[in-house]
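> Compute the structure for the input listed below.
(one chain, ligands or ions: 1)
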Amino acid sequence: MPLMTVKEILTPVSSGWAVGAFNVHNLEDVQAVVNAADELEAPVIIMVSESALNYAGADFIRSIVATAAKRVQIPIALQLDHGKSLETVKRSIQAGFTSVMIDGSYLSFEDNVALTRQIVEYAHQHGCSVEGELGKIGGKEDDLLVEDADARFTDPRKVERFILETGIDVLAPAVGTAHGLYKGEARIDFPRLQAIRQATKVPLALHGGSDLSDEIIKEIMRSGVEKINVGTDLKIAITSGIKDYLSNNPEEIEPRKVFGAGRERGTRLVMEKMRLFECVGKASLY
Ligand code: 13P
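The predicted structure is shown next:
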C-alpha cells in the first residue's frame with residue numbers, strides 16, 4: 001500500500017484501542033516493525049527522529065519504509081519525530097515523509113504557536129499532516145535531556161487556542177510520561193489527560209510509551225489517546241537480541257546472523273505492543 005499520513009491512520013481509531021508508533025534507525029528496525037504489523041494485520045506508524053534522520057539519511061530511510069509498505073497490505077505512515085526546525089521538516093517532506101512532528105516545547109507559548117503554524121502551512125501544502133507539542137515532555141529524547149524540573153504539564157485551558165491558532169492535526173500533550181526509562185514509578189496525571197481529551201477532538205499522541213505497566217497503557221487508551229509512541233523498549237529488544245546472540249556465538253562475524261537476531265527480537269516486541277494496544281486486525285478498517 002502507498003504510505004498514508006498519520007492523520008489518515010488515526011481517523012478510524014475509537015476509544016479503547018490505539019495505533020503504535022515506533023522509532024526506527026535502520027533497515028532491520030523497519031523490517032521488525034513492518035513484519036510485526038503485517039503478521040497481525042495492524043495499522044502502524046513509523047517514526048524517525050532528527051538524529052536518526054542524520055544517521056540514516058532521510059532519502060535512504062524513506063526508500064526502505066516505502067519499499068516495505070509496497071510489499072504488504074496494511075496502512076503505514078512515516079513521520080519525522082521531534083523536528084525542531086523548518087529546515088528539518090522540509091528535508092523530511094522533500095524526501096517523501098507523509099507526516100511531521102514539530103516540537104516547539106522549548107519555546108514560549110506564543111513562539112511555539114508561531115513555529116508550529118509555519119510548519120503546518122508548509123506541510124499541508126505538501127499533503128502532510130502535523131503533530132504539535134504543548135507543554136514539555138520530560139526524559140531523554142534523541143540527544144536532548146529534559147530534566148524532570150524542566151518538564152511542564154499541558155494546561156488544558158490552552159489546548160483549544162493552540163490547536164485553533166496552529167491548525168495541527170495531532171496533539172502531543174505532556175501529562176507525566178517521559179522519554180526513556182522511568183526513574184521510579186511513572187505518575188500519569190489522568191484527570192489532566194481527561195480534561196485535555198474533553199477540550200479537543202484532535203487525536204492525541206502519547207510520548208514516552210516505553211517502560212509503562214499494561215494497566216497504565218490500558219487507562220491511557222480508555223482516556224481516548226489514539227497514538228502511543230514506543231522508542232526505548234524497541235531499542236532494548238533489538239540490542240539485547242544482538243548481545244545475546246553474540247554472547248552465545250562470540251566467534252560469529254556474519255552480520256546477517258547478528259543483526260537478524262536483533263530484528264527477530266524487535267518483531268516480537270512490536271507484536272507484544274500491538275496486542276496490548278488492541279490494534280490487531282484493525283488494518284481491515286482502512
Ligand atoms: P520512549 O523512548 O520512552 O518509548 O519514547 C518514545 C517517544 O515518545 C518518541 O517520541
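> going forward, measure contacts and count neighbours with C-alpha atoms only.
Will do.
> Relative to its centre, which residue of this protein is most distant?
E251 (36.2 Å; Cα atoms, centre = their mean).
> need the longest strand for the chain.
strand 76-83 (DSSP state E).
> Other residues contacting whichever helix or strand comes after that one?
Counting by DSSP states H and E, the next helix or strand C-terminal to strand 76-83 is helix 86-95. Taking Cα atoms under 8 Å, 6 or more residues apart in numbering as the criterion, the residues outside helix 86-95 that touch it are 50, 58-59, 62, 80, 83, 99-100, 102, 118-119, 123, 126, 128.
> Just the closest residue of the stretch 51-200 of the chain to the ligand, please.
H179 (3.4 Å; Cα to the nearest ligand atom).
> The ligand contacts on the stretch 51-200 of the chain?
By the rule Cα under 6 Å from any ligand atom, the part of the stretch 51-200 of the chain lying against the ligand is 81, 178-180.
> Go again with 8 Å.
Contact residues, the stretch 51-200 of the chain versus the ligand (Cα under 8 Å from any ligand atom): 81-82, 139-141, 177-181.
> Give me the buried subset of those residues.
Neighbour-count burial within those applies to 81-82, 139-141, 177-181; the criterion is 16 or more other Cα atoms under 10 Å.
> When you compare pLDDT across those residues, which one is lowest?
Lowest in pLDDT among these is E141, which has 67.
> L164: neighbouring residues, count only.
Close neighbours of L164, defined as other Cα atoms under 10 Å, add up to 11.
> And the helix or strand hosting it, how far out from the chain middle?
If you go by DSSP H and E, L164 is part of helix 156-166. Counting by Cα atoms, centre = their mean, to the nearest Å, helix 156-166 is centred 22 Å from the centre of its parent chain.
> mean confidence for that helix?
Across helix 156-166, pLDDT averages out at 97.
> which residues touch that helix?
113-114, 116-117, 120, 134, 171, 192, 195-196, 199-200.
> redo that, cut-off 7 Å
113, 116-117, 120, 192, 195-196, 199-200 (Cα atoms under 7 Å, 6 or more residues apart in numbering).
> Quick check: what element follows it along the chain?
Sequence order places strand 170-173 as the next helix or strand after helix 156-166, per DSSP H and E.
> Check which helices and strands that following strand sits against.
With contacts taken as 3 or more Cα pairs under 7 Å, 6 or more residues apart in numbering; DSSP states H and E, strand 170-173 sits against strand 129-134, strand 205-206.
> Pull the residues that contact that strand.
130-135, 154, 202-206.
> chain center to it: distance?
The answer for strand 170-173 is 11 Å, by Cα atoms, centre = their mean.
> Can you give the strand pairings for the helix or strand following that strand, parallel or anti for each?
Toward the C-terminus, strand 170-173 is succeeded by strand 178-179 as the next helix or strand (DSSP H and E). Sheet pairing of strand 178-179 (DSSP bridges) gives strand 138-141 (parallel).
> C-alpha coordinates for the partner strand, PDB please?
Provided in PDB are the C-alpha atoms of strand 138-141 (Å, rounded to 0.1, in the frame of the first residue of the first chain):
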ATOM      1  CA  GLY A 138      10.400  15.100  30.200                       C
ATOM      2  CA  GLY A 139      13.200  12.500  29.800                       C
ATOM      3  CA  LYS A 140      15.800  11.800  27.100                       C
ATOM      4  CA  GLU A 141      14.600  12.200  23.500                       C
END
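> Can you list the residue ranges for helices in the protein?
Using DSSP state H, the helices assigned to the chain run over residues 6-10, 27-40, 50-56, 58-70, 86-95, 109-125, 156-166, 190-199, 214-222, 232-248, 255-276.
> Now distance to A21 too, for these, in CSV please.
What follows is these, written out as CSV (distance: least, Cα to Cα, whole Å):
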stretch, distance to A21
helix 6-10, 10
helix 27-40, 9
helix 50-56, 15
helix 58-70, 14
helix 86-95, 17
helix 109-125, 20
helix 156-166, 22
helix 190-199, 19
helix 214-222, 14
helix 232-248, 11
helix 255-276, 10
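> so who does the residue nearest to K84 when sequence neighbours are not counted touch?
Excluding its sequence neighbours, the residue lying closest to K84 (Cα to Cα, 6 or more residues apart in numbering) is D103, at 5.5 Å. Residues in contact with D103 (Cα under 7 Å, 6+ apart) are 82-84, 132-133.
> now do 10 Å
81-85, 112, 115-116, 131-137, 172 (Cα atoms under 10 Å, 6 or more residues apart in numbering).
> Could you do G57 as well?
Here G57 is in contact with 25-26, 50-51, 91-92, 95 (Cα under 10 Å, 6+ apart).
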